[in-house]
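S.K.: got a predicted model here, sequence first, then my questions.
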Protein chains: 2
Amino acid sequence: MTELTTFSISELAAEFDLTTRSIRFYEDHQLLNPARRGQTRIYSRQDRVQLKLILRGKRLGFSLLEIKELFDLWDATKGGSEKQLRLLQAKITERKVALEQQQQDINMLQLELDNAQNRCIEALKELQK
Amino acid sequence: MTELTTFSISELAAEFDLTTRSIRFYEDHQLLNPARRGQTRIYSRQDRVQLKLILRGKRLGFSLLEIKELFDLWDATKGGSEKQLRLLQAKITERKVALEQQQQDINMLQLELDNAQNRCIEALKELQK
DNA sequence: CATTCGCTTTACGTTTACGTAAACTTACCC
DNA sequence: GGGTAAGTTTACGTAAACGTAAAGCGAATG
């Protein structure tokens, strides 16, 4: 019962619809850290999860640098000093505030889109006559 | 009873915490279209609303081009042909789907941030001992 | 054994969203 | 009317996030 537990770079590229160039770019900027067999990159399921997180962050408008910051903060939790941990707390809170702002933005925009849609429907009705 | 109904470029820059350069940049790319008194730009409340929308779009990770597209679509509603209107419908739906995806992303990320926060709190408790 | 296929590094090019500097009007204040 | 504060255009610079091309390695396939 051998589960598929590793991935090649092009498998991941296909699955998430991005280029291998992008994936290597993320690695260059330390957002990924796959194992190697010789020169070839081998991605674990953990690496794949990590990639998912990157893409999620991107969809939310975070820069790669900000995403890296979040990863680093997360890693720092293990064995951080009190000062580190308090800073981490602050950062997390900061993110949460930003996300709440985004929630609001989304709600507003959804209202406007609904609005536009109605206007659209009305206009179509007009044309029907 | 004279209400404050127009704004200078630096007033808006101050209010929304951006540079005048940015505001002029948006105009260059047809996201704004303020009146002029001589050379000087004069922004109406409508212009201010428009600027708000731009910033909201940006916070949601839209590019300026995408934001312009939304504006154009909105404007096209007045006096669009049926074909235009149907295309607009499709675009709006597309946007709504993307926003729902973002909602999900936000929810997931919020869970993870809560998670991280708890982990943080636990780590602090450990240090307390 | 030659080739093809996928992966690799290296490196220069491109787009987006502004920053920054220069050189110039316009408006207002004393 | 001289200065200064705020506005203007023009133009070159820059960081982020890749695209794309070149040139090479390693394995497997006919």
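M.R.: In hand now; what should we look at?
S.K.: what bridges to A:Ile42?
M.R.: A:Ala35 (DSSP bridges).
S.K.: the biggest helix by length in chain A close to chain B?
M.R.: The helix that spans the most residues within chain A, counting by DSSP state H, is helix A:82-128. Yes. Applying C-beta under 8 Å from any C-beta of the partner chain, one finds helix A:82-128 in contact with chain B at A:82, A:85-86, A:88-89, A:92-93, A:95-96, A:99, A:101-103, A:105-106, A:108-110, A:113, A:116-117, A:119-120, A:123-124, A:127. Quick note: C-beta positions are derived from backbone N, CA and C, even for glycine.
S.K.: what about burial for the residues you listed, which qualify?
M.R.: A:85, A:88-89, A:92, A:95, A:99, A:102, A:105-106, A:109, A:113, A:116-117, A:119-120, A:123 (16 or more other C-beta atoms under 10 Å in any protein chain shown).
S.K.: out of these, who's nearest DNA strand C?
M.R.: A:Asp105 (15.3 Å; C-beta to the nearest atom of the strand).
S.K.: got a list of what that closest one touches?
M.R.: Taking C-beta atoms under 8 Å, 6 or more residues apart in numbering or on different chains, we find A:Asp105 in contact with B:Arg56, B:Arg59, B:Leu60.
S.K.: show me the contacts for the first one.
M.R.: For B:Arg56, the contacting residues are A:Asp105, A:Met108, A:Leu109, by C-beta under 8 Å, 6+ apart.
S.K.: ok, the last one next?
M.R.: By C-beta under 8 Å, 6+ apart, the residues touching B:Leu60 are A:Gly61, A:Gln102, A:Asp105, A:Ile106, A:Leu109, B:Leu99, B:Gln102.
S.K.: does stretch A:19-37 come close to DNA strand D?
M.R.: Yes. Part of stretch A:19-37 sits near DNA strand D under the criterion C-beta under 7 Å from any atom of the strand, namely A:Thr19, A:Arg21, A:Ser22, A:Phe25, A:His29.
S.K.: what's the closest non-adjacent residue to the last one?
M.R.: Residue nearest to A:His29 in three dimensions, not counting chain neighbours: A:Leu64, with 5.7 Å by C-beta to C-beta, 6 or more residues apart in numbering or on different chains.
S.K.: would you confirm that that neighbour contacts A:Tyr26?
M.R.: Yes. Using C-beta atoms under 8 Å, A:Leu64 is in contact with A:Tyr26, at 7.1 Å.
S.K.: residues that sit against both of those two, list them.
M.R.: A:Ile54.
S.K.: and the two? Which one has more around it.
M.R.: Counted by other C-beta atoms under 10 Å in any protein chain shown, A:Leu64 and A:Tyr26 do not tie: A:Tyr26 has more neighbours, with 21 against 15.
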